[in-house]
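Novice: Everything below, folded, please.
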Amino acid sequence: MIPSSALSHYAILTAMLAPAFFLTATAALLTSANSRLARIIDRARALLKQLGESEDTEERSLLEKRIELQRRRSTIILRGSQLLYVAISCFVGTSLTVAADSLLGHRFDQLPTVLAVLGVLAMFAASLLLAREAALAVAAVNDEMDDAHVRARQRGPTG
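Specialist: Residues are numbered from 1 along each chain as shown. Below is the predicted model of the structure:
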């Protein structure tokens, strides 16, 4: 039979590993956010290059509007990423406080739970921001497609 102290250690290790599931999900979201940020930066650079080469006032105005949208998207992704880093810190803190709480005779009371809840809330808020940024990305693409269709119709069929 396994001594109760050994069972207690297994319970502590199990409790310390529980935040790892949240860490995995958070890391996946952070990877996605970083990839999206890289695409936003690439698009903004392309728009800035077009702006520098454009002489047409109307086109320049349209490009400036699109650049501003990319700026908004990058800010939203930045905030989402910051929240995901907070979530990671909270989940790591949860795991560490579970271990420390056990070693120090359960002096941390609800701290591990509070850290876990804060991590989940940060992850939830980041998810909402990432969803908002995705909606802006779709709006930007739709706007560019609409503009391309208008320009194509103005030029007429090529033959």
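Novice: going forward, measure contacts and count neighbours with C-alpha atoms only.
Specialist: Will do.
Novice: longest helix of the protein?
Specialist: For the chain, the helix that runs over the most residues, judged by DSSP state H, is helix 4-53.
Novice: and the helix or strand following it with helix 4-53, angle?
Specialist: Remark: after helix 4-53, the chain's next helix or strand is helix 57-103, criterion DSSP states H and E. With axes from the mean of the first three to the mean of the last three Cα atoms, to 10 degrees as the criterion, the two stretches helix 57-103 and helix 4-53 enclose an angle of 170 degrees.
Novice: elements contacting helix 57-103?
Specialist: Taking 3 or more Cα pairs under 8 Å, 6 or more residues apart in numbering; DSSP states H and E as contact, the helices and strands that helix 57-103 lies on are helix 4-53, helix 111-155.
Novice: Out of these, which is closest to residue 70?
Specialist: Distances from residue 70 to each of the helices and strands packed on helix 57-103 were compared using Cα to Cα; the minimum, 6.0 Å, belongs to helix 4-53.
Novice: Run through the protein and note the low-pLDDT ranges.
Specialist: Across the chain, residues meeting the criterion (pLDDT under 70) sit at 1-7, 9-10, 158-159.
Novice: what's the longest helix of the chain packed up against?
Specialist: Short answer (3+ Cα pairs under 8 Å, 6+ apart): helix 4-53 packs on helix 57-103, helix 111-155.
Novice: Ok, which of those helices comes nearest residue 45?
Specialist: Closest approach to residue 45 among the helices and strands packed on helix 4-53 is made by helix 57-103 (8.8 Å; Cα to Cα).
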